[in-house]
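>>> let me see the structure of the following:
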Amino acid sequence: MHDVLDPRDLVPDEAEQMVSSGFPAEDLLQQALAAAAQSDLSALVGIREQLAGLVRGEGWKYDEPTEEPGILAALQPEPGRPTSGSSVADRIHGAWLGRCVGCTMGKPVEGLTPVQINRYLDAVPDWPQVGFLPLLDKLPAGVDRLHESAPYATTGHFESVPRDDDIDWTILGLHTLELYGPSLSTTNIAKEWLDRLPFTQTFTAERAAYRNLVRGIAIPQTAVVENPYREWIGALIRGDIFGYTNPGNPAAAARMALVDARLSHVSNGIYGEMWAAALIAAALVSDTASQALETALGYVPRSSRLYESQRNVLHLYRERAPVAAAMAWFEESLGHYNWVHTVNNAALISLGLLWGAGDFVTSVALTIRGGRDTDSDAATVGSVMGALQGRQGVPARLSGVFGNRVRSSVRDFDGTRIDELAARTVQIADAVFERANEG
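Have a look, this model is predicted:
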């Protein structure tokens with residue numbers, strides 16, 4: 001599924017991406033799906049050529065730049081209050097713990113619909129979700145599968161944080177910052193991808209960009225050549241480390257995230273990582289999730305779909321809409337997006353943070369209830385909650401089962417202690433702070 005080496009996936013996925021971006025590709029999408037089902041590669045080549053020639057519909061109301069000058073010109077950032085990592089060390093540690101816990105809570109049901117998740121929770125019974133999910137011997141009616149990770153990511157089946165790309169990217173980002181510092185380039189980042197992370201442990205947009213790098217395609221074309229996943233959530237999940245290392249300085253966090261995201265993403269895919277990095281940087285010095293989300297919105301171009309959806313979520317919260325009404329709005333307004341798109345998953349992250357009432361488990365569980373990319377979304381929610389509340393905000397009954405260790409596909413990092421990752425992050429944050437204040 002979503003094989004970046006198989007035109008039977010690439011062409012239908014490209015058609016779907018174009019439909020969601022305002023191009024009249026609905027008929028071509030159906031043709032591509034039919035051709036893929038019959039393995040008609042000649043037809044798929046023709047459909048790909050037709051897709052390349054489409055012109056966006058006149059009714060498209062968004063302006064979503066991809067080039068750095070256009071992105072930065074479209075921002076209206078909130079002023080930051082940068083601080084050293086040492087002064088928020090407990091919050092940084094809490095963010096690492098929260099990311100690990102949240103990711104693991106959502107991992108077994110990744111890709112399931114809200115209805116399927118609710119049926120599974122009813123069968124456990126675990127409604128509302130109170131922690132890691134148990135593994136049932138028999139799936140309830142209407143749930144035909146769990147995520148392939150379920151046998152090692154459910155209660156009692158792990159003794160350390162299960163390996164997940166949502167954690168791998170945070171670890172690899174830390175390693176890259178340790179090597180190159182805050183002035184790291186997209187080329188630096190690409191080098192570490194190829195050196196430290198196996199191709200098969202990357203997915204969708206990252207795997208397409210990795211493939212393009214190996215082919216010798218230059219940055220930033222790596223983000224667009226045969227990459228239908230260029231506005232999906234992959235970049236967003238890489239943004240936390242730039243927030244961790246820029247506490248109180250969302251502008252710097254967003255700028256680093258932009259440098260990272262353009263390797264594999266465009267437009268809303270880039271904005272998603274900038275938003276996540278700014279959100280974490282703000283959360284490390286904020287009192288509430290709503291404060292951090294208001295700040296993060298300033299690092300999203302106002303003319304984009306991501307900005308519009310985030311603004312609407314915040315409006316619903318200010319108007320005191322019940323959570324059921326917020327979820328209904330989500331399905332009606334954003335339910336058409338692919339389950340791994342940036343726009344809809346970012347909205348679920350915000351819904352969990354805002355309607356979670358400041359409670360870690362409630363916030364993470366609410367986001368998971370929305371389905372889609374549950375491990376990624378829950379990881380970000382957990383990261384923000386840990387950044388807001390520190391280690392005491394992450395239930396010890398959950399974080400304690402990891403034995404302070406994380407499994408990872410990043411070379412030389414498998415089995416690393418979580419407290420070591422946090423301490424190394426604080427060191428980078430201190431160095432970034434000192435450098436920013438020189439002179």
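
>>> list the contacts for the residue most central in space within the chain?
With distances taken as CA atoms, centre = their mean, Ile237 lies nearest the centre of the chain, 3.0 Å away. For Ile237, the contact set (CB atoms under 8 Å, 6 or more residues apart in numbering) comprises Asp165, Asp166, Trp169, Ala276, Ser376, Ala379, Thr380. (C-beta placed from N, C-alpha, C; glycine too.)

>>> the residue nearest to the third one when sequence neighbours are not counted: what's it in contact with?
Spatial nearest neighbour of Trp169, chain neighbours left out: Arg238 (4.3 Å); criterion: CB to CB, 6 or more residues apart in numbering. Residues counted as contacts of Arg238 (CB under 8 Å, 6+ apart) are Trp169, Thr170, Gly173, Ala257, Asp260, Ala261, Glu273.

>>> in helices, which of those residues fall?
Per DSSP state H, helices hold the following members of the contacts of Arg238: Trp169, Thr170, Gly173, Ala257, Asp260, Ala261, Glu273.

>>> what does the pLDDT read for the fifth one?
Just to be clear, that refers to Asp260. Looking at Asp260, its pLDDT is 98.

>>> correct me if wrong: it contacts Gly272.
No: the criterion here is CB atoms under 8 Å, and Asp260 misses it with Gly272 at 11.5 Å.

>>> mind listing the shared neighbours of these two?
Ala235, Gly239.

>>> shaky segments in this structure?
Where the chain drops to pLDDT under 70, the residues are 439.

>>> which segments of it make up each domain?
Annotated domains of the chain cover 7-52, 68-429 [automatic domain parsing].

>>> want to throw the ones you listed into JSON lines with distance to Lys61?
Formatted as JSON lines, these follow (distance: least, CB to CB, whole Å):
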{"stretch": "domain 7-52", "distance to Lys61": "9"}
{"stretch": "domain 68-429", "distance to Lys61": "8"}
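
>>> count the neighbours of Val115 for me.
11 (other CB atoms under 10 Å).

>>> cool, and Ala25?
Using other CB under 10 Å, Ala25 has 23 other residues around it.

>>> kindly list the main-chain dihedrals of it?
Torsion angles at Ala25 (phi, psi; degrees, to the nearest 10) stand at phi -110, psi 10.

>>> list the contacts of the closest residue to it other than its chain neighbours.
Among residues not flanking Ala25 along the chain, Met18 sits closest, at 4.1 Å (CB to CB, 6+ apart). Contact partners of Met18, counting by CB under 8 Å, 6+ apart, are Ala25, Leu28, Leu51, Leu54.

>>> and Arg119, how many neighbours?
Arg119, neighbours per other CB under 10 Å, totals 16.

>>> tell me where the stretch 151-300 of the chain has helices.
For the stretch 151-300 of the chain, the helices defined by DSSP state H, counting those that start in this stretch occupy 165-180, 186-196, 204-215, 240-244, 250-261, 267-283, 289-297.

>>> quick one: closest of these to Glu68.
Checking the helices of the stretch 151-300 of the chain against Glu68 by CB to CB gives helix 250-261 as the closest, at 6.4 Å.

>>> got the angle between that closest one and helix 289-297?
60 degrees (axes from the mean of the first three to the mean of the last three CA atoms, to 10 degrees).

>>> and helix 250-261, what does it pack against?
Secondary-structure packing of helix 250-261 (3 or more CB pairs under 8 Å, 6 or more residues apart in numbering; DSSP states H and E): helix 186-196, helix 240-244, helix 267-283.

>>> now do the strands in the stretch 251-400 of the chain.
Counting by DSSP state E, counting those that start in this stretch, the stretch 251-400 of the chain forms no strands at all.

>>> next, count neighbours for the residue lying closest to Asn338 once chain neighbours are set aside.
Nearest residue to Asn338, sequence neighbours excluded (CB to CB, 6+ apart): Glu16, at 6.2 Å. Close neighbours of Glu16, defined as other CB under 10 Å, add up to 19.

>>> can you give me the offset of the helix or strand harbouring Glu16 from its chain's centre?
Under the criterion DSSP states H and E, the helix or strand holding Glu16 is helix 7-20. Relative to its parent chain, helix 7-20 has a centroid offset of 21 Å by CA atoms, centre = their mean, to the nearest Å.

>>> and the next element down the chain from it?
Sequence order places helix 26-37 as the next helix or strand after helix 7-20, per DSSP H and E.

>>> from the middle of its chain, how far away would that next one be?
In terms of CA atoms, centre = their mean, the centre of helix 26-37 is found 28 Å from the chain centre.

>>> name the residues of it that come out as buried.
Using 16 or more other CB atoms under 10 Å as the test for burial, helix 26-37 gives Leu28, Leu29, Gln31, Ala32, Leu33, Ala35, Ala36.
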